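Undergrad: Requesting a structural model of the entry that follows:
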Amino acid sequence: MNVSIRPAAPGDAETIAAFNLAMARETEHIELDRAKLLPGVRAVLQDPAKGFYVVAETGGQVVGQMMITYEWSDWRNATFWWIQSVYVSPEFRGKGVFKQLYRHVADRARAQTGVCGLRLYVEADNHSAQRTYERLGLNRTMYDVWEVDFVIRRQQ
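TA: Here you go, the predicted model:
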């Protein structure tokens, strides 16, 4: 399968938002508020300081996505790129789409002065994704993620 990776463009906003809705349903069993989501996607596409999206495309169809946001590390005097909003259309899973997205971003990060590494978070029960990340050379850290979310309420 021939897949190309490219920077997302403003015209991709609807697809990215739809993928994010599907991902939230599938992985976290929550319904995102589309009235917040679509402007949130557009905000990233319009403001590179917030991050950027890359999309995987085959046959003129977007079949996968990845968003990168930034975290400054004073310990390293450099920036981590956080991998977020990863989604591959179900019919294209297991065909190397995520691997190509990841390698594209990893190569781009290595080529940038001031990027010290890549990070991502994964649901504790998503063992399939964890195995994929390990195969690509990512390492589990000693940190758990804690948060207070003022927007999305989760049932405990």
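
Undergrad: Okay, now the unreliable bits of the protein?
TA: Scanning the chain for pLDDT under 70 picks out the ranges 155-156.

Undergrad: Quick one: the strands in it, in order.
TA: For the chain, the strands defined by DSSP state E occupy 4-7, 52-58, 61-73, 78-88, 115-120.

Undergrad: and residue 26, which of these is closest to it?
TA: When the strands of the chain are compared by Cβ to Cβ, strand 78-88 sits nearest residue 26, at 8.6 Å. The way it works is simple: take the backbone N, C-alpha and C, and place the C-beta from them, glycine included.

Undergrad: Which positions within the closest one qualify as buried?
TA: Residues 79-81, 83-88 are the ones in strand 78-88 that count as buried (16 or more other Cβ atoms under 10 Å).

Undergrad: And the contacts of that strand?
TA: 16, 19-20, 22-23, 51, 53, 56, 63-73, 97-98, 101-102, 105, 109, 114-120 (Cβ atoms under 8 Å, 6 or more residues apart in numbering).
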